[in-house]
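Q: Got a sequence here, can you build the structure:
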Amino acid sequence: MRPKRKQYTLAALNATGYASNVSGASWAVSSTGPADGLAHQVTIHGDAATNHSLKTAIIVGTDAEGRSQAETINLPNGVATVTSTKFFKTVTSVTPSATIGADTMDIGWNAVCETPTYPVDCYYQAAPNISITVGGSITFSISQTNSDVFASQSPLWNELVASRSTSCSASGQAGITAFKVNITAHTAGILTADYSQGK
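A: Prediction:
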């Protein structure tokens, strides 16, 4: 395969990126998400001391590949933040299971995010290679999978490169189907991923 390059200017944490001060039983999101091309965890922050943790919210949107996904999370207990387990590239709705009355909450995204999947050819004898160049303060890891990344089920990922904050190169195992990069922290910067595979 020809070498490919993907570059991302990472979006910072934005606690009100999707909505600020939502209340009642019907919440409207004012943005579909950050424009960095990455999938971020979603945060919901409680602005009042009331315990709403027995209520839930359904987050509906898309994953890093643009496929539809949803997650149900419990609302915060008082002035606190809850965070989704899944990563969302876009969010189209956040719907509470019951009203929060006059209390308000903020909906945003975390700095923690992940790239789309980078498919490679599992039938080539040569192992694929990936290089990550960081510009700025970025902590990341690299995962690889042998799963069918075009199937409907979620791939099973294993770690190729452990958490680090400096540029690196790595060779995946022969037979893997894809890479992805997991950004666990950043304050600012640009992440560039170059990947290739010989025949």
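Q: Relative to the longest strand seen in the chain, what are the paired strands and their orientations?
A: Determined from DSSP state E, the single longest strand within the chain is strand 178-196. Strand pairing for strand 178-196, determined by DSSP bridges: strand 4-9 (antiparallel), strand 105-114 (antiparallel), strand 118-119 (antiparallel), strand 129-145 (antiparallel).
Q: what's the domain layout of the chain?
A: Following automatic domain parsing, one finds the domains of the chain at 12-110, 117-196.
Q: could you give the mean pLDDT of the longest one?
A: Confidence over domain 12-110 (mean pLDDT, whole number) is 96.
Q: count of neighbours near the spatially closest residue to Phe87 that is not a sequence neighbour?
A: Closest residue to Phe87 apart from its sequence neighbours, by Cβ to Cβ, 6 or more residues apart in numbering: Ala39 at 3.7 Å. (C-beta placed from N, C-alpha, C; glycine too.) Residues lying near Ala39 (other Cβ atoms under 10 Å) number 27.
Q: and Ala39, what does it touch?
A: By Cβ atoms under 8 Å, 6 or more residues apart in numbering, Ala39 lies in contact with 63-64, 87-89, 113-116.
Q: Dump those to TSV, plus neighbour count.
A: Shown next, in TSV, are the contacts of Ala39 (neighbours: other Cβ atoms under 10 Å):
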residue	neighbour count
Asp63	18
Ala64	20
Phe87	22
Phe88	26
Lys89	23
Cys113	28
Glu114	22
Thr115	24
Pro116	20
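Q: give the contact list for the closest residue to His52 other than its chain neighbours.
A: With Cβ to Cβ, 6+ apart as the criterion, His52 has its nearest non-adjacent residue at 4.0 Å, and that residue is Leu75. Applying Cβ under 8 Å, 6+ apart to Leu75 gives the contacts 44, 46, 52-53, 55-57, 82, 96, 100, 105.
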